Structure formats: structure tokens, C-alpha cells
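S.K.: below are the sequence and a predicted model for it; my questions follow.
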Amino acid sequence: MKEIQEILKERRIRVTKYRLAILGLLKEESDRFISIDEIRTRISGEYPKFDFSTAYRALELFEEKQLVYKTKMDDKICYTIQCEVDSDHHHLICKNCGKKIVLNFCPFEELEDQYEALGFDTFDHMRDFFGICQKCKKVDDKMNQ
Ligand SMILES: [Zn+2]
Ligand SMILES: [Zn+2]
Ligand SMILES: [Zn+2]
């Protein structure tokens, strides 16, 4: 795995301790989407001056440079490190813990054909699906007993 510093340099992003910390966290938990609040809280444990706007600006920059991917879960903005697949793929996301499952295919291929037949030319579609993962469901079942 490439060093985080290298990755930032490659994309011509100035290296700062906050940026390293954010990207480090997202890489460490690459199988999850993490809300901006969680990112802020966890990093401010180490860097008390780390605030929301610093987190937001860094994450937006990473998104622009395609290092991270952003989605909206209910009202929360969540981020994950960019998946290693470049092709059209989809995410199953747990609304409770942020777990990310990558679907390495597109379930909408048939729809895309119809779309083209109707004369549309850019098949821009939702990438993310939301639900509750098995682990979170079990916890929930226990609490309801
Ligand atoms: Zn992805
Ligand atoms: Zn979950
Ligand atoms: Zn697709």
C-alpha cells in the first residue's frame, strides 16, 4: 500500500497533518462510510484544534481529486475512500454503522438499453443503496426482545 504522503503528492495536494490524519482514517476503515461528524470527533482526539470547517474543506478537496467518494445518508454527509474498481459499480451501505459492500457490476444494464432506446444519452444513475447490515440487525433484534 502506498504511503499517504505519496498519494497526496501525486495528486498535487499540499501535505498537512490534518489531511494526513483524515486520509489515514479513511484508508484504515476502507470498508465503511464515515460521517463528517465522526471524522471530526475522532481526529480532534489527537488534534484538539481540528474543527468542522477544516474537515469539510479537506474532504471536499479529496473528493474533487477523486481520492474519496461522498454520499448522503438520511441527512448526514458521509465519505469513504475511493474503491479500487474504476468501472460502473455500486455500494450497499448500512445506515447504522456505515459498512460498505461493493457490488462489482451494474444491476441497471437493461434499463440503460431502454434509456438509450428512448433517446437519452447519459445514463447517470444512483450508485448507492441503503439498508441495515446483518451485524446491526442482530443487535437491534436483541434490544427488541
Ligand atoms: Zn465505490
Ligand atoms: Zn451495520
Ligand atoms: Zn450502474
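M.R.: On my side now, so go ahead. Ligands and ions are numbered 1, 2, ... in the order given.
S.K.: check contacts around residue 113.
M.R.: The contact partners of residue 113, taken as Cβ atoms under 8 Å, 6 or more residues apart in numbering, number zero. Just so you know, the C-beta spots here come from the backbone N, C-alpha and C atoms, and that holds for glycine as well.
S.K.: average pLDDT for the host helix or strand of it?
M.R.: If you go by DSSP states H and E, residue 113 is part of helix 109-117. Rounded to a whole number, the mean pLDDT of helix 109-117 is 89.
S.K.: next helix or strand past that helix?
M.R.: Next in sequence after helix 109-117, counting helices and strands by DSSP H and E, comes strand 128-131.
S.K.: tell me how far the helix or strand just after that following strand is from the chain's mean position?
M.R.: Going down the chain from strand 128-131, the next helix or strand is helix 134-143, by DSSP H and E. Taking Cα atoms, centre = their mean, to the nearest Å, one finds the center of helix 134-143 at 23 Å from the center of the full chain.
S.K.: close to ligand 2, is helix 134-143?
M.R.: Yes - counting by Cβ under 5 Å from the ion, ligand 2 has neighbours in helix 134-143: residue 136.
S.K.: could you pull out the buried residues of that helix?
M.R.: Judged by neighbour count using 16 or more other Cβ atoms under 10 Å, the buried positions of helix 134-143 are residue 136.
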